[in-house]
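Participant: build me a model:
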Amino acid sequence: PPTPPSDANAFRQQLSSSWTEGDDDEAPKKPQEKRTKVVKKLVKREVEAAKPQAAAVPQGPPKYRLASLFGNNVISRGREMSNDVVKAVKEHGLPKAEEDTMILLSANSEAEMLAVRALVAKYA
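Facilitator: Numbering: from 1, shown residues only. Below is the predicted model of the structure:
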């Protein structure tokens with residue numbers, strides 16, 4: 001004797017039949033055709049959702065600025081180096097009000113190391 005369908009099977013049948021309800025096309029007659037039609041619809045939705053939006057591309061000037069920590073200031077060696085570095089960084093190395101990110105490339109001199117340390121101390 002055939003076994004009665006389980007609740008899970010009944011739910012699956014109800015769910016798969018609801019996938020094609022309300023379609024304008026003629027309903028497929030075979031379960032494989034139903035699945036193929038559902039998969040095609042899902043793929044079409046995903047492709048449409050993945051298309052780039054024209055308004056999402058920002059226009060205008062670049063959102064970054066390249067700058068020197070010292071500008072054209074001369075940094076002396078010796079006792080005055082720290083003062084010269086701090087003065088030059090205040091004039092040239094601080095971020096503008098609208099900038100919220102600063103990227104520092106590695107220091108290759110003692111003066112640059114002092115400048116990086118000063119900035120880290122200020123913004124850390």
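Participant: what's the end-to-end length of stretch 92-104?
Facilitator: Taking CA to CA, to the nearest Å, stretch 92-104 runs 13 Å from one end to the other.
Participant: got the buried residues for that stretch?
Facilitator: Applying a neighbour-count criterion of 16 or more other CB atoms under 10 Å, the buried positions in stretch 92-104 are residue 93. Glycine gets a C-beta too; all of them are placed from N, C-alpha and C.
Participant: for the protein, which helix is longest?
Facilitator: When secondary structure is assigned using DSSP state H, the longest helix within the chain turns out to be helix 31-50.
Participant: and the contacts of the helix or strand following that helix?
Facilitator: Using DSSP states H and E, the helix or strand that follows helix 31-50 in sequence is helix 81-88. Outside helix 81-88, the residues that touch it by CB atoms under 8 Å, 6 or more residues apart in numbering are 69, 70, 71, 73, 74, 75, 76, 110, 111, 114, 115, 118.
Participant: C-alpha coordinates for stretch 112-124, PDB please?
Facilitator: Included here for stretch 112-124 are C-alpha records, laid out as PDB according to Å, rounded to 0.1, in the frame of the first residue of the first chain:
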ATOM      1  CA  GLU A 112      60.900  62.000   9.300                       C
ATOM      2  CA  MET A 113      60.800  59.600  12.300                       C
ATOM      3  CA  LEU A 114      60.300  62.600  14.700                       C
ATOM      4  CA  ALA A 115      57.500  63.900  12.500                       C
ATOM      5  CA  VAL A 116      55.700  60.500  12.400                       C
ATOM      6  CA  ARG A 117      56.100  60.100  16.100                       C
ATOM      7  CA  ALA A 118      54.600  63.600  16.700                       C
ATOM      8  CA  LEU A 119      51.600  62.800  14.500                       C
ATOM      9  CA  VAL A 120      51.000  59.500  16.100                       C
ATOM     10  CA  ALA A 121      51.200  61.100  19.600                       C
ATOM     11  CA  LYS A 122      48.700  63.800  18.500                       C
ATOM     12  CA  TYR A 123      46.100  61.500  16.800                       C
ATOM     13  CA  ALA A 124      46.500  58.200  18.600                       C
END
